[in-house]
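3D model of this:
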Amino acid sequence: MPEIKTFAAPSKYIQGKDLLLKISDYIGFLGNHFLVLTDQIVFGLTKDKIAQGFAGTSYHVEIFGGESTAAEAERIAKIAAELHCCCIVGLGGGKVIDTTKYAADLAGIADVIVPTAAASDAPCSAMSVVYDENGAFVVSKKMKHNPNVVLVDTQIITEAPVRLLKAGLGDAFATYYEARACKRSGVDNFTGGKRNEADYAMAELCNKLLLQYGKAAVESVQKKQWSEAVDMITEANIFLSGLGFENNGCAIAHAFYSGMTKVWDPFPVMHGEAVAVGVLVQLAAEYLHAGKTDEREWGEVITFYKECGLPTSLKDLGIEADEKKLYELAEATCTYPNSKKMPFDVTPESLYQAILRVNKNNCMEETNNERV
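Numbers count the residues shown, from 1 in each chain. Take a look at the predicted model:
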C-alpha cells in the first residue's frame, strides 16, 4: 500500500522589519476585535508599537500568567469568549505562543503568532507544549490547525537579548539531525503521515543557513544591528525549523530536553539551550551504535557551537551532576516518545553512555564506564 505523505504549515507567514507597527494591515481580514496576549515585560517594551499597529482597530491586552499550563489556556479562552474576540494574538516568547495556540483552539477562533525573539521553532507549528505550574513538561498537544498568521518583526528580533537568539540556534540546529533520524527509522511525522521530499529539504536548508549565517547573526544581535544574517537566521530558527520538525519529527535531542525538565525542578535553562546539548547526546548515541565517530560531522558541529556560543555539555549550562544523576537523566529521557524514534533501540544504559561522553566534552574517547 502506498505511503500517505502529509505536510502542514501556517496559513500565512510574513517576515520583515517593523511589521508590528502595521499589524492590522496584515491581520485585519480575520475580524475587528482582537485579544493580545503578552507578558508584562514585553508589553512594557512594545505598548507604543501595539497602539500604533492596532490604531483604528478594537483590541484588548491580557497579561500572560507566567506558565503555559492547561489552566492558563482555559483562562485566556474564557476571556476571549466573554469579549467576543475574533482572534488571539500571541506577542512574546515560546510559552506565550504555546498558550495562544491552545487558548485559540479551545475558543474555536483564529490565532496570530508574533514572536519577539527567534528563540524557538514554536511559532509555525500546530503543537502546543503544556507544562505544569513548576515548569515541568507535561504533554505536547496537537491543535486543530496551524496558526492562521505568523508575523515576524525582524527589528524586534534584532533588539531582543542575544541569549534568546542563541537558544533559537540550539533549537533549530536539532531540526536536521532529528529529521535524519526519523527518516532512517521511517516513523510518522507530527502531521500523521510520512514526510515529503520537500519536508526533508527544509530541514537540510535550515542546517545550511545556520552553519552559514549563525555566527554573523549572533554578532549583529549583540550590537543590536539588523543584518542579512539576522534575516536569514530568523527564517531558519522560526520558519524552516518549525516546518522542519513538524513535518519530519523529533528524536533524542528533544526527548533529552523533556528528560531534563523532569529531573531538574525548577528547570534551570532555556528550551533551546537544553536541546543544543541534546543534539550532541543524540549524535553520541548514533556514533556509539555505529561503533565509530563521524569525525568530520562532529568537528563541524562543535566548531559551530563554539562560534555561536552554544553549550557543549551540561557543565556549560552551569549544571553539575554526578553519574547517578546522569543515569537518572538517561532514564527520564527514555520515558518520552521522541526517544523511540531513532533507527535503533535506545535504552537508559546506552543513553547514559552517550551523556557521559558529551559531558566530558569528548565524543571520540572510548567510554567503558559502568553505572555505579
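
State the pLDDT value of residue 3.
What the model reports as pLDDT for residue 3 is 86.

which residues sit in contact with it?
193, 194 (Cβ atoms under 8 Å, 6 or more residues apart in numbering). C-betas here are computed from N, CA, C, even on glycine.

My reading is that residue 111 is in a strand; is that accurate?
Yes: assigned with DSSP: H, G, I helix; E, B strand; the rest coil, residue 111 falls within a strand.

That one: what's it in contact with?
Counting by Cβ under 8 Å, 6+ apart, residue 111 has contacts 87, 88, 89, 90, 100, 101, 104, 105, 147, 148.

Check what pLDDT it gets.
pLDDT, read off for residue 111, is 98.

For the contacts of residue 111, which two are the farthest from each other?
Distance extremes for these: the farthest pair is 89 and 105 at 14.7 Å, using Cβ to Cβ.

Who has more neighbours out of these two?
Counted by other Cβ atoms under 10 Å, residue 89 and residue 105 do not tie: residue 89 has more neighbours, with 27 against 20.

Specify the beta-bridge partners of that one.
Beta-bridge partners for residue 89, by DSSP bridges, are residue 36, residue 112.

Hmm, it is touching residue 109, no?
No: at 10.9 Å, residue 89 does not count as touching residue 109 under the criterion of Cβ atoms under 8 Å.

tell me the secondary structure for residue 353?
Secondary structure of residue 353, per three-state DSSP, is helix.

How about residue 344?
coil.

leaving aside the residues next to it on the chain, what's closest to it?
Nearest non-adjacent residue to residue 344, counting by Cβ to Cβ, 6 or more residues apart in numbering: residue 289, 4.9 Å away.

The one you found: which element?
Assigned by DSSP states H and E, residue 289 belongs to helix 271-290.

quick check, distance from that helix to the centre of its chain.
16 Å (Cα atoms, centre = their mean, to the nearest Å).

Next, the buried residues of it.
Across helix 271-290, burial judged by 16 or more other Cβ atoms under 10 Å covers 271-288.

now do stretch 56-72
59, 61, 62, 64, 65, 67, 68, 69, 70, 72.

what's the answer for stretch 40-52, then?
For stretch 40-52, burial by neighbour count (16+ other Cβ under 10 Å) applies to 42, 43, 46, 49, 50.

Nearest to residue 343, out of these: which one, please.
Taking Cβ to Cβ as the measure, residue 343 lies nearest residue 42 of the buried residues of stretch 40-52, at 40.9 Å.

Please name the residues that touch the closest residue to that closest one other than its chain neighbours.
Take residue 42 and drop its neighbours on the chain: the residue closest to it by Cβ to Cβ, 6+ apart is residue 92, 4.9 Å away. Neighbouring residues of residue 92 by Cβ under 8 Å, 6+ apart: 37, 38, 39, 42, 64, 114, 115, 116.

could you redo the last one with a cut-off of 6 Å?
The contact partners of residue 92, by Cβ atoms under 6 Å, 6 or more residues apart in numbering, come to 38, 39, 42, 116.

Also residue 229?
Contacts for residue 229 were tallied using Cβ under 6 Å, 6+ apart; they are 213, 216, 217, 220.

Output those as TSV; include the columns distance to residue 203, pLDDT and neighbour count.
TSV is the format used below for those (distance: Cβ to Cβ, whole Å; pLDDT from 0 to 100; neighbours: other Cβ atoms under 10 Å):
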residue	distance to residue 203	pLDDT	neighbour count
213	16	98	22
216	22	98	17
217	19	98	31
220	24	98	21
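
So which of the residues you listed is the closest to residue 82?
For the contacts of residue 229, the nearest to residue 82 is residue 217 (41.6 Å; Cβ to Cβ).

Show the backbone phi and psi for that closest one.
Main-chain torsions, residue 217, degrees, to the nearest 10: phi -70, psi -40.

Can you verify my assumption that it contacts residue 235?
No: at 10.7 Å, residue 217 does not count as touching residue 235 under the criterion of Cβ atoms under 6 Å.

distance of residue 188 from residue 319?
33 Å (Cβ to Cβ, to the nearest Å).

And the two? Which one has more around it.
residue 319 (19 against 15).

OK, contacts around the more buried one?
No contacts exist for residue 319 under Cβ under 6 Å, 6+ apart.

which other residues reach stretch 335-348?
181-182, 184-185, 187, 249-252, 254-255, 258, 289, 330-331, 333-334.

So which helix or strand of this protein has the lowest pLDDT on average?
strand 137-142 (a mean of 90; mean pLDDT, DSSP states H and E).

Now do that strand: which elements does it pack against?
For strand 137-142, the elements it packs on are strand 127-131, judged by 3 or more Cβ pairs under 6 Å, 6 or more residues apart in numbering; DSSP states H and E.

Which other helices and strands does the strand it packs on contact?
helix 94-107, strand 137-142.

Figure out which of those is closest to residue 313.
strand 137-142 (21.4 Å).

What are the buried residues along the closest one?
137, 140, 141, 142.

which one among these gets closest to residue 120?
Using Cβ to Cβ, residue 140 comes nearest to residue 120 of these, at 12.9 Å.

which ones are touching the closest one?
Going by Cβ under 6 Å, 6+ apart, residue 140 touches 127, 129.

phi, psi of residue 150?
Per degrees, to the nearest 10, the backbone of residue 150 is at phi -120, psi 120.
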